[in-house]
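Have a look at this prediction, sequence included:
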Amino acid sequence: MTAHAPTESLTGILASLRERVMGVAESVLSTVDGLLVVADVDTVHAESVAALAAATLGVGRRMADQSGTGALREVVIRCAAGHVIVVAVGERTLLTVMGDDGLDIAAFQRESPATVEQLNKVLAADVAH
Amino acid sequence: MKTPSARNVPALLQALHQEGYTGTVRVSGVPGGTIHLRDGLIGAIETPGAPTATSALLASGRIEDDAWLAARAAEPDADRLDLHLVAAGLIGAAELEVVCTAAVFDGAFAMALSPPGGWELTEREPTLLARPGVEPRPLAEETTRRMALLTRLWGPAGELARVRPEPVIGDSLRPEPVAGGRVRSEPGMGDPVRSGAIAVDRVRSEPVIIGEAIVGTPATGQPAIAQPATGRGAPEADSDTPAADGGHPKPGRRGLTRRHQDLIESVNGRRTPRDLAFARGRGLYAVMLDLIRLETLQAVRWETGTTFDGRPSTAPRVLQGQQGQQGQQASDEPSPRAGPLPRRRPGEGSPFGDLGAKGG
């Protein structure tokens, strides 16, 4: 059932990221136009996060552009009790990761390229035909 | 930066202690951490594995975020922030010392849960410090004691750190838990060791204090420092002091203290003990002890061995209560050596990729 397999492996990739990076609590994969694809969440409202992720990354890109600091890598939002990170996954999707105060950001930056690559591979099937 | 030739981190800290070192030790590894030394004493440990004093104070709500930001603005040197917090009346000096010292012990414990990588010494980085700080030897001894205690109560601490407990539904219908539970609360037991660093650490290994006890202090009027009066060594002494909760368990779940109930509310099948510690602003070690107790009381449960590890652990396994009988087990239990090890064959390269390739 190819219709279901990609969803399962996408959530598997998100869950695996949570396992590998200390402090990752929840994550949402969404499209650049703000629609939810899959989510590994507990308390946050996935649709709302998906919509805000698109806005966040869009603003981040324009700010990077405006400030002439090169291509955007990711948007890191640091809060009193945690972090939110938004990173682009290819051209069409975004990954939002929410973590606590102790989020191992170094580990996240080490692991995220591989996670993005895995997500990209699965998502590539959407446009393969 | 020069790196003294010490064989491990405790030995390094001991050497730095003797030379009265002030600076930072960055330990790599998963998760690794940062150890802040002042005049040879350990003032703070920052690691993704356990909440810092700052995290504990803010997550527990002991200090309001606005007040915190104002204090940070008023005292730019974080090394002196503790003095400012006390002077501003945000927290008492003794209470802050307890929280900061507890965080040092908890950070050391968290870092000991996984093998450290290398380290490097860097310059002093201002941070919120325990005053005067902790000597390396009692820190190492306490970490060893905690590991041993968890191993005795439950099993390998490294495995307990990876469990993801979930609440047991219908828990409130349980019979009085104390009656059948293996672990009972006996606040009277234990020897009142109170001297020197151990006493401080007793205070501190009541990470309880990090969380609710301190938060509750103004209301109950109990000085936080009163906590260490409980004994040492027994789980109940470490995790279940009635005084920590003001001795008023809610009626909802009989036998469970407020602290336990708060923990159960945070348990959701996704969070590890470390995640729970951050969520509640409590110490990792205290959360682990509470989880062991709650599992005994069948208020939470977890499955071990189903984590998303990617590969099985290669640590030697010893079945509880069966040491010395391994001979009889051999045919029933899988031996740690049962699985074939990866082999290299000539011409095939390493099974783990081309790590040793020359010249690309």
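Looks like it came in fine. These figures come from a predicted structure and were not determined experimentally. Residues are numbered from 1 along each chain as shown, chains lettered A, B, ... in the order given.

What count of nearby residues applies to the closest residue to residue B:158 other than its chain neighbours?
Setting aside the residues directly before and after it, residue B:158 is nearest to residue B:113 in space (Cβ to Cβ, 6 or more residues apart in numbering or on different chains), at 5.3 Å. For every residue, glycine as well, the C-beta is placed using N, CA and C. By other Cβ atoms under 10 Å in any protein chain shown, the residues close to residue B:113 number 25.

go on, residue B:301?
15.

Identify the bridge partners of it.
residue B:166 (DSSP bridges).

Would you mark the buried spots in the helix or strand where residue A:59 lies?
Of the helices and strands defined by DSSP states H and E, residue A:59 is found in helix A:46-67. For helix A:46-67, the neighbour count (16 or more other Cβ atoms under 10 Å in any protein chain shown) marks A:46, A:49, A:50, A:51, A:52, A:53, A:54, A:56, A:57, A:60 as buried.

Pick the one among these closest to residue B:291.
residue A:46 (28.1 Å; Cβ to Cβ).

Show the contacting residues for whatever residue of the stretch 1-150 of chain B ends up closest to chain A.
Relative to chain A, the nearest point of the stretch 1-150 of chain B is residue B:48 (3.7 Å; Cβ to the nearest Cβ). Going by Cβ atoms under 8 Å, 6 or more residues apart in numbering or on different chains, residue B:48 touches A:22, A:23, A:102, A:103, A:104, A:107, B:31, B:32, B:33.

Recalculate using a threshold of 7 Å.
Going by Cβ atoms under 7 Å, 6 or more residues apart in numbering or on different chains, residue B:48 touches A:22, A:23, A:102, A:103, A:104, B:31.

What of residue B:112?
Residue B:112 touches B:143, B:147, counting by Cβ under 7 Å, 6+ apart.

again with the one 4 residues further on
With contacts taken as Cβ under 7 Å, 6+ apart, residue B:116 has the following neighbours: B:9, B:27, B:29, B:32.

can you count the residues close to the first one?
Burial measure for residue B:9: 22 neighbouring residues, criterion other Cβ under 10 Å.

Quick check on the closest residue to it other than its chain neighbours: phi, psi?
Using Cβ to Cβ, 6+ apart and skipping the chain neighbours, the partner closest in space to residue B:9 is residue B:116 (5.5 Å). Main-chain torsions, residue B:116, degrees, to the nearest 10: phi -80, psi 160.

Look at residue 121 and report its pLDDT.
The chain I'm using is chain A. With respect to pLDDT, residue A:121 scores 90.

please go with chain B instead
pLDDT, residue B:121: 95.

who's it bridged to?
Under the criterion used (DSSP bridges), residue B:121 bridges to residue B:25.

Show me what from chain A comes close to chain B.
A:15-16, A:19, A:22-23, A:25, A:42, A:80-81, A:100-104, A:107 (Cβ under 7 Å from any Cβ of the partner chain).

Out of these, which comes closest to residue B:142?
residue A:102 (21.0 Å).

Doesn't the closest one lie inside a strand?
No. If the criterion is DSSP: H, G, I helix; E, B strand; the rest coil, then residue A:102 is coil and not within a strand.

Would you check that it makes contact with residue B:51?
Yes. With contacts counted by Cβ atoms under 7 Å, residue A:102 reaches residue B:51, the gap being 6.4 Å.

Quick check: neighbours shared by those two?
With Cβ under 7 Å, 6+ apart as the test, residue A:102 and residue B:51 both reach residue B:278.

Can you list phi and psi of residue 92 for me?
Using chain A. Torsion angles, degrees, to the nearest 10, at residue A:92: phi -110, psi -10.

think we crossed wires, I meant chain B
phi -80, psi 150.

Can you say which helix or strand has the nearest residue to it once chain neighbours are set aside in it?
Nearest residue to residue B:92, sequence neighbours excluded (Cβ to Cβ, 6+ apart): residue B:86, at 6.9 Å. Assigned by DSSP H and E, residue B:86 belongs to helix B:81-87.

Beyond that helix, next helix or strand please.
Next along the chain after helix B:81-87, with elements defined by DSSP H and E, is helix B:93-112.

Quick check: buried residues in that next one?
Neighbour-count burial for helix B:93-112 [16+ other Cβ under 10 Å]: B:95-112.

so which helix or strand takes in residue B:31?
Using DSSP H and E, no helix or strand contains residue B:31.

Residue A:101 and residue B:128, how far apart?
13 Å (Cβ to Cβ, to the nearest Å).

Please give me every residue in contact with the spatially closest residue to residue B:281 that is not a sequence neighbour.
Closest residue in space to residue B:281, ignoring its immediate chain neighbours: residue B:59 at 3.0 Å, by Cβ to Cβ, 6+ apart. Going by Cβ under 7 Å, 6+ apart, residue B:59 touches A:81, A:101, B:51, B:278, B:280, B:281.

quick one, phi/psi of the residue positioned nearest the centre of chain A?
The residue lying closest to the centre of chain A (Cα atoms, centre = their mean) is residue A:95, at 1.3 Å. According to degrees, to the nearest 10, the main-chain angles of residue A:95 amount to phi -110, psi 130.

Out of the contacts of residue B:48, name the two that are farthest from one another.
Checking those with Cβ to Cβ, the most distant pair is A:103 and B:31, at 10.2 Å.

Can you pull out the low-pLDDT segments for chain A?
Counting by pLDDT under 70, the ranges of chain A that qualify are A:1-8, A:129.

hey, where'd the strands end up in it?
Assigned by DSSP state E, chain A shows strands spanning A:24-31, A:36-40, A:75-79, A:82-89, A:93-100.

for the ones you listed, which one sits closest to residue B:124?
strand A:75-79 (23.1 Å).

tell me which residues of that closest one are tucked away?
A:75, A:76.

so what strands line up beside it?
strand A:82-89 (antiparallel).

returning to what we had before: ok, of the contacts of residue B:59, which come out buried?
The buried subset of the contacts of residue B:59 (16+ other Cβ under 10 Å) comprises A:101, B:51, B:278, B:280, B:281.

mind listing what the spatially closest residue to the third one that is not a sequence neighbour touches?
The spatial neighbour of residue B:278 that comes closest, neighbours along the chain excluded (Cβ to Cβ, 6+ apart), is residue A:100 at 4.2 Å. With contact taken as Cβ under 7 Å, 6+ apart, residue A:100 is in contact with A:23, A:25, A:81, A:82, B:275, B:278, B:279.

Could you turn the buried ones of the residues you listed into a PyMOL selection?
Buried members of the contacts of residue A:100, defined by 16+ other Cβ under 10 Å, are picked up in PyMOL with:
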select buried, (chain A and resi 23+25+82) or (chain B and resi 275+278+279)
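
right, and the pair among the contacts of residue A:100 with maximum separation?
Pairwise over the contacts of residue A:100, using Cβ to Cβ, the maximum falls at A:81 and B:275, 12.5 Å.

Can you list phi and psi of residue A:44 for me?
The phi/psi pair for residue A:44 (degrees, to the nearest 10) is phi -80, psi 160.

got a list of what the nearest residue to it once chain neighbours are set aside touches?
Once flanking residues are discounted, residue A:44 sits nearest to residue A:26: 5.6 Å by Cβ to Cβ, 6+ apart. Neighbouring residues of residue A:26 by Cβ under 7 Å, 6+ apart: A:40, A:41, A:42, A:44, A:98.
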